[in-house]
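A.B. asks: only geometry, no sequence info:
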């Protein structure tokens with residue numbers, strides 16, 4: 001069994017108190033290597049309630065994203081209340097978060113730049129690449 005470090009920096013800037021750091025033996029529940037082992041340690045009802053609570057948060061976030069979607073100039077919502085209520089969400093399941101690669105993020109950011117600034121940035125990047 002390993003240890004787990006807990007650091008508190010709330011009073012880091014306080015000369016009298018300062019930051020604190022403690023190490024504890026790792027609790028058995030954090031050492032569980034399977035869902036079955038977790039259920040055995042934590043009991044089924046607790047696990048079920050925790051997962052359900054998190055799923056509710058994820059569902060609300062999914063719907064809220066659709067509720068908050070607007071057109072390009074933020075003058076009207078993309079989805080009407082009626083169209084959202086009519087969505088068949090009984091088969092909804094959470095999806096893994098899709099993360100953009102660094103290249104995709106850079107392309108998206110370049111697209112938002114003023115055309116003149118974009119030309120300067122791309123020219124500088126090309127010059128850096130040529131120098132390397």
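C.D. replies: Noted; the coordinates are in hand. Note that the structure is a prediction, hence the values are computed from the model and not measured.

A.B. asks: CA atoms for contacts and neighbours, from now on please.
C.D. replies: Fine.

A.B. asks: Contacts only, for residue 71.
C.D. replies: Counting by Cα atoms under 8 Å, 6 or more residues apart in numbering, residue 71 touches 77, 78.

A.B. asks: Model confidence for it, exactly?
C.D. replies: Reading off the confidence values, residue 71 has pLDDT 82.

A.B. asks: Tell me the buried residues in the helix or strand of the chain with the lowest mean pLDDT?
C.D. replies: In the chain, the helix or strand scored least confidently by mean pLDDT, DSSP states H and E is helix 102-112, which has a mean of 84. Buried residues in helix 102-112, defined by neighbour count with 16 or more other Cα atoms under 10 Å: residue 110.

A.B. asks: Longest helix in the chain, please.
C.D. replies: Criterion DSSP state H: the longest helix present in the chain is helix 44-68.

A.B. asks: quick one: contacts of the least confident helix or strand of the chain?
C.D. replies: By Cα under 8 Å, 6+ apart, helix 102-112 touches residue 118.

A.B. asks: I'd like the next helix or strand past that helix.
C.D. replies: Proceeding N to C from helix 102-112, the next assigned helix or strand is helix 115-131, under DSSP states H and E.

A.B. asks: Compute the inter-axis angle for that next one and helix 102-112.
C.D. replies: 140 degrees (axes from the mean of the first three to the mean of the last three Cα atoms, to 10 degrees).

A.B. asks: Distance from helix 115-131 to the middle of the chain?
C.D. replies: With Cα atoms, centre = their mean, to the nearest Å as the basis, helix 115-131 stands 32 Å off its chain's centre.

A.B. asks: tell me the mean pLDDT over it?
C.D. replies: The average pLDDT for helix 115-131 rounds to 87.

A.B. asks: Can you report phi and psi for the most centrally placed residue in the chain?
C.D. replies: In the chain, the centroid-proximal residue (Cα atoms, centre = their mean) is residue 97; its distance is 7.4 Å. Backbone torsions of residue 97, given as degrees, to the nearest 10, read phi -70, psi 130.

A.B. asks: And residue 21, by the same measure?
C.D. replies: Backbone torsions of residue 21, given as degrees, to the nearest 10, read phi -140, psi 120.

A.B. asks: Check the one 4 residues further on too.
C.D. replies: Dihedral angles of residue 25 (phi, psi; degrees, to the nearest 10) stand at phi -60, psi 140.
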